[in-house]
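# Please work out how this folds:
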Amino acid sequence: MHTKIIAFLRRPRTALIVIVTVVSFTICAGGQFILRSSANDPQIQMAQDTAALLAAGMPVASISANKNIESTLSPFTIVTDKYGTTIASTALYKNALPQAPRGVFMYAGMMRRMHTVTWQPSNMMRFAAAVTPYEVNGEYGYVLVAKNLREIERRSSGFCGIIFAGWFVSLGVIILTSPTAWRHLRKIVHAKHK
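Presented below is the predicted three-dimensional model:
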């Protein structure tokens, strides 16, 4: 059985199918990684800038809600205390200040540095979020800046859809150009004419 599998995989067309499949799925995974990781870039900058302003004395009260995270695609900022409880936000969620899971802040607190996460407050919403700690007068808290992933995920699905179509066409071409495929096709055509 083992030798039959090896012999099957050594056939040129089988090897070509495996190569096309591996390359296609690698391109899809790589494209998804690039799209998703680049979705963090604006939030990283905004979180660091806001943390620097708070550390320099900007009052937390100057951050006020002017949008709803359920309907906006623009980034929003959440400022929390050291326990991860929201004390200010530029957006509301269900008419209240949004509260990210406390685990989102634990890593930033332990490492005392920026990190990125995917935050999913509901099945319909996913956010690319950047979290960084800040410190004022010996007291610290966190700044979280998040942005809806809807458009990024739509692009990612479209990108992988194109790759899948190319993979499917490639398999069709490989299969149809094999001598055995033409023999089977001729048999089917002759059988229909009889």
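
# quick one: least confident helix or strand in the chain?
Least confident helix or strand of the chain, by mean pLDDT, DSSP states H and E, is helix 2-9 with a mean of 59.

# name the element the residue nearest the centre of the chain belongs to?
Nearest to the geometric centre of the chain sits Arg36, at 3.7 Å (CA atoms, centre = their mean). Under the criterion of DSSP states H and E, Arg36 resides in helix 12-38.

# Go through that helix and flag the buried ones.
Neighbour counts over helix 12-38 (16 or more other CB atoms under 10 Å) mark 16-17, 20, 24, 27-28, 31-32, 35-36 as buried. C-beta here means a position set from N, CA and C on the backbone, and glycine is covered the same way.

# Stretch 141-158 now?
Using 16+ other CB under 10 Å as the test for burial, stretch 141-158 gives 141-149, 152, 156.

# Could you figure out how far the longest strand along the chain is turned away from helix 12-38?
Secondary structure assigned by DSSP state E gives strand 125-136 as the longest strand of the chain. Angle, strand 125-136 to helix 12-38, by axes from the mean of the first three to the mean of the last three CA atoms, to 10 degrees: 40 degrees.

# in strand 125-136, what counts as buried?
By neighbour count on 16+ other CB under 10 Å, the buried set for strand 125-136 is 126-134.

# Show me what that strand pairs with in its sheet, parallel or antiparallel.
Next to strand 125-136 in the sheet, as set by DSSP bridges, lie strand 115-122 (antiparallel), strand 139-148 (antiparallel).

# quick one: low-confidence parts of this structure?
Low-confidence segments of the chain, defined by pLDDT under 70: 1-11, 108-112, 179-194.

# hmm, back to that, a markdown table for the strands paired with strand 125-136, including distance to Pro12?
A markdown table is the format used below for the strands paired with strand 125-136 (distance: least, CB to CB, whole Å):
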| stretch | distance to Pro12 |
| --- | --- |
| strand 115-122 | 42 |
| strand 139-148 | 47 |
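
# which one of those strands lies closest to Phe105?
strand 139-148 (4.9 Å; CB to CB).

# Spell out which helix or strand contains Thr77, please.
Using DSSP H and E, Thr77 sits in strand 76-80.
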